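*Asks:* Got a predicted structure here, sequence first:
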Amino acid sequence: QVQLVESGGGLVQAGASLRLSCAASGRTISSYRMGWFRQAPGKEREFVAAISWTGAGTYYADSVKGRFTISRDNAKNTVYLQMNNLKREDTAVYYCAAQTSSRSYSYTPNYDYWGQGTQVTVSS
């Protein structure tokens, strides 16, 4: 089993930056594709970004492309999401997820482990 714990969320003004972290325990995630998803109130959980197990491949939702950067440090068993130029519409609970076998990276059911989420609130 893999436990994922997100941190780094908070309340910021539009235009600010935040860096989310996802620390894994219980098993190394070095061979897993990792993803970030978010869920705003009243909306379905949506894909934000994903990264291959080597870190060479990164994928982004169109809404965050150019503003968010996903990265990983396999030595620390940690994945990051750097969020720049935050907008009000980025307000959501952000979840980290691990995928143990290669499947569509943007499809929520394809991820096997999930964290509890961290709240990001962007005010205007």
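*Replies:* Good, I have the coordinates. Numbers count the residues shown, from 1 in each chain.

*Asks:* and stretch 69-80, how far apart are its ends?
*Replies:* 8 Å (CA to CA, to the nearest Å).

*Asks:* got a list of contacts for that stretch?
*Replies:* Contacts with stretch 69-80, where a contact means CB atoms under 8 Å, 6 or more residues apart in numbering, come from 19-25, 28-30, 34, 36, 49-51, 53, 55, 58, 60, 81-82, 84, 96. Yep, even glycine has a C-beta here, placed from its N, CA and C like the rest.

*Asks:* Out of those, which end up buried?
*Replies:* 20-24, 29, 34, 36, 49-51, 53, 60, 81, 96 (16 or more other CB atoms under 10 Å).

*Asks:* Point out the ones among the residues you listed that are inside helices.
*Replies:* Judged by DSSP state H, the buried ones among the contacts of stretch 69-80 include no members of helices.

*Asks:* Tell me where the chain has helices.
*Replies:* So, for the chain - with DSSP H - there are no helices.

*Asks:* Enumerate every residue touching the most centrally placed residue in the chain.
*Replies:* Closest to where the C-alpha atoms of the chain average out (CA atoms, centre = their mean) is Trp36, at 2.2 Å. With contact taken as CB under 8 Å, 6+ apart, Trp36 is in contact with Leu20, Cys22, Val48, Ala49, Ala50, Ile70, Val79, Leu81, Tyr94, Tyr95, Cys96, Ala97.

*Asks:* What distance do you get for the third one to Ser25?
*Replies:* Val48 sits at a distance of 22 Å from Ser25 (criterion: CB to CB, to the nearest Å).

*Asks:* Does Gly10 touch Val122 like I think?
*Replies:* No: look at Gly10 against Val122 with CB atoms under 8 Å: they stay out of range, at 9.8 Å.

*Asks:* When the two are compared, which one has more neighbours?
*Replies:* Between Gly10 and Val122, counted using other CB atoms under 10 Å, the more crowded position is Val122 (20 against 13).

*Asks:* surely that one meets Asn85?
*Replies:* No: checked against CB under 8 Å, the pair Val122 and Asn85 is beyond contact range at 10.2 Å.
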